[in-house]
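Colleague: From the sequence below, what's the structure:
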Amino acid sequence: MELINTPPEKIRALFHAQSANRQRLSVSGWRERSRRLKALAKAILKYQTAIQEALYNDFRKPIGETDMIEIYPILHEIRHARRNLRDWTRRRKVPTALPFIGSRSYILPEAKGVVLIISPWNFPVNLSIIPLVSAIAAGNTAIVKPSENVPHTALMLEKIISEVFPPEEVVVVQGGADTSGTLMELPFHHVFFTGSERVGKVVMKAAAEHLTSVTLELGGKTPTIVDASAHLPQAARRIVAAKFSNAGQICISPDHLYVHEQVFEPFMQCLQDVIESMFGKEPADSSSYARLVNGYQFQRLKSGMEEAVGNGARIRYGGQMDEEERYMQPTLLSEVSLDSSLMKGEIFGPILPVHKYGDIDDVIRKINSDPKPLTLYVYTNSRVIEEKILRQTNSGNVCINNSALHFYNSDLPFGGVNTSGIGASHGYFGFLEFTNQKAVYDQVFRYSLIDLIFPPARAWKTWLVNLVIRWF
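Modeller: Numbers count the residues shown, from 1 in each chain. Okay, the predicted model is just below:
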């Protein structure tokens, strides 16, 4: 199935229509924004079955995964925004220093304007709608560009959005790189992009031409540490669930493991047992296991695994593939060279390298020598180890004794650092990304102490200024 690209002239017309309408939306109250979000939630529930079918048609995403990883987070995000929208949008008083007595200061959140949301293929509904929730809550108009790699889901998104919003408020445009190029030529007020580091650089460079602010969610390597004190069966279940859901095509899935040498072999057995308990001995027949999204991703992962094995890696479990089905069995590798392509770039698939370590300081040094990860997972029952890792590493997010569940907490900011991302999403932090926090200084009284130090210079004015410098 191929999408029909939105013509460039239509894209420009939609942008100008939203530009003309943005001021009306920016002054809308929290109640009106809440009504829009409620209508969006109703549409998501109305089309829940159709969303499940679309995602299955695109890459056999299991229904349970769709409900828990696509539908639930969206509805939770909408409920959270509606509960808090009144507080988020109200002006916030801030203190004013004593020399400015007679005035008041406050921060007034205002919509940025016309925003662009570019979403990826791995969670095309979740990662299109959750940023949109924040954009609507902030009072923006929005153009949403879903991935062309999931055409059934992209069309379903267009259907849902068109039923809820007029195009001058929110609209979906379809297409590939050419469509993205047309969009990035336009002077949006904010761009929210989720995808690879490589494309993120292209987006940021194009946005710089218009001095457009950006939020980039880019992924990257996600190291996972399993300490000797960890509860091994529990850690294995949580790692396997996070790693092999969506066939590993998740930016926050465990990318590679560091397992303490004292528990390495028992933990490898735990991983194998859990994989079979979740997906059966033949995951190809399991209704709980997805497929790779396209042939390119299949070949990329196949080449990476073959290269690693050629350089001495051992397949400890899995390794079976079917190119026609775009199927790759959950696979565990050990003794993977750090110079292999699997260890240099984000794996983004059902291959899990497992490394043995003896000294946690060596693991910390390795993590710190690599680009800063989006997420770091730590399985330990030692507070000393936990605090050491928290304080001596940098990452966008951390989970202790679990994997990926931080994504579901709308009170936590979700985002990376440097190459793993810029900015944050979810809840109030997503709202902030799509707003300008306007600083307002209001001279309430007619006279101000500051008026006293205006030119011409006098000795007593100099004394007054020095008093303020020293004491205020």
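Colleague: Closest to the centroid, which residue in the chain?
Modeller: Nearest to the geometric centre of the chain sits residue 217, at 4.6 Å (Cα atoms, centre = their mean).
Colleague: Who does it form a beta bridge with?
Modeller: residue 194, residue 421 (DSSP bridges).
Colleague: Tell me who's in contact with it.
Modeller: Residues counted as contacts of residue 217 (Cβ atoms under 8 Å, 6 or more residues apart in numbering) are 127, 193, 194, 195, 251, 374, 414, 415, 416, 421, 423, 425. (C-beta placed from N, C-alpha, C; glycine too.)
Colleague: Please produce TSV containing those, extended by pLDDT.
Modeller: Formatted as TSV, the contacts of residue 217 follow (pLDDT from 0 to 100):
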residue	pLDDT
127	97
193	98
194	97
195	95
251	94
374	95
414	97
415	96
416	95
421	96
423	97
425	97
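Colleague: quick one: secondary structure of residue 332?
Modeller: Under DSSP: H, G, I helix; E, B strand; the rest coil, the three-state class of residue 332 is strand.
Colleague: what does residue 21 give?
Modeller: With three-state DSSP as the criterion, residue 21 reads helix.
Colleague: How many neighbouring residues does the closest residue to it other than its chain neighbours have?
Modeller: For residue 21, ignoring the flanking residues on the chain, the nearest one in space by Cβ to Cβ, 6 or more residues apart in numbering is residue 168 at 4.3 Å. Counted by other Cβ atoms under 10 Å, the residues lying close to residue 168 total 17.
Colleague: Residue 168 reaches residue 16, doesn't it?
Modeller: No. Contact criterion Cβ atoms under 8 Å: residue 168 and residue 16 do not qualify, at 9.6 Å.
Colleague: Now do the end-to-end distance for stretch 284-302.
Modeller: Stretch 284-302 has its terminal residues 16 Å apart, counting by Cα to Cα, to the nearest Å.
Colleague: buried set for that stretch?
Modeller: Residues of stretch 284-302 classed as buried under the neighbour-count rule (16 or more other Cβ atoms under 10 Å) are 289, 290, 291, 292, 293, 297, 298, 300, 301, 302.
Colleague: tell me the pLDDT at the second one?
Modeller: In other words, residue 290. Looking at residue 290, its pLDDT reads 96.
Colleague: gap between it and residue 64?
Modeller: From residue 290 across to residue 64, the span is 11 Å (Cβ to Cβ, to the nearest Å).
Colleague: and residue 200, what is it in contact with?
Modeller: Contacts of residue 200 by Cβ under 8 Å, 6+ apart are 193, 216, 218, 421.
Colleague: Need the pLDDT of the second one.
Modeller: Going back to what we said before, that points to residue 216. 97.
Colleague: I figured it hits residue 421, correct?
Modeller: Yes. Counting by Cβ under 8 Å, residue 421 is a contact partner of residue 216 at 5.2 Å.
Colleague: all strands for the stretch 51-200 of the chain, in order.
Modeller: Using DSSP state E, counting those that start in this stretch, the strands of the stretch 51-200 of the chain run over 92-94, 103-111, 114-118, 141-145, 170-172, 190-194.
Colleague: among those strands, which is nearest residue 236?
Modeller: Of all these, strand 190-194 sits nearest to residue 236, with 28.9 Å by Cβ to Cβ.
Colleague: Strand 103-111 and that closest one, what's the angle between them?
Modeller: Relative orientation of strand 190-194 versus strand 103-111 (axes from the mean of the first three to the mean of the last three Cα atoms, to 10 degrees): 50 degrees.
Colleague: helices and strands around strand 190-194, which ones?
Modeller: Where contact means 3 or more Cβ pairs under 8 Å, 6 or more residues apart in numbering; DSSP states H and E, strand 190-194 is packed against strand 114-118, helix 126-137, helix 197-208, strand 213-217.
Colleague: List the contacts of that strand.
Modeller: Contacts of strand 190-194 (Cβ under 8 Å, 6+ apart): 112-113, 115-120, 127, 131, 135, 140, 184, 199-200, 203, 207, 212-218, 251, 425, 433-434.
Colleague: still on that earlier bit, so which of the helices and strands packed on strand 190-194 comes closest to residue 70?
Modeller: helix 126-137 (4.7 Å).
Colleague: Go ahead and name everything in contact with the closest one.
Modeller: 33, 36-37, 40, 44, 69-70, 73-74, 77-78, 81, 85, 88-89, 115, 117, 119-120, 142, 144, 146, 157, 170, 192, 194, 215, 217, 425-426, 430-431, 433-434.
Colleague: On the three-state scheme, residue 364 is what?
Modeller: Of the three states, residue 364 takes helix under three-state DSSP.
Colleague: Quick check: closest non-adjacent residue to it.
Modeller: residue 392 (5.2 Å).
Colleague: In terms of pLDDT, where does residue 412 sit?
Modeller: Per-residue pLDDT puts residue 412 at 96.
Colleague: Need phi/psi at it.
Modeller: Taking degrees, to the nearest 10, you get phi -100, psi 140 for the backbone angles of residue 412.
Colleague: That one and residue 406 touch, don't they?
Modeller: Yes. Here residue 412 lies in contact with residue 406, judged by Cβ under 8 Å, at a distance of 5.6 Å.
Colleague: Spell out which residues are contacts of both of the two.
Modeller: Going by Cβ under 8 Å, 6+ apart, residues that sit against residue 412 and also against residue 406 are residue 397.
Colleague: out of these two, which sits in the busier spot?
Modeller: Shown here are residue 412 and residue 406; by other Cβ under 10 Å, residue 406 has more neighbours (19 against 14).
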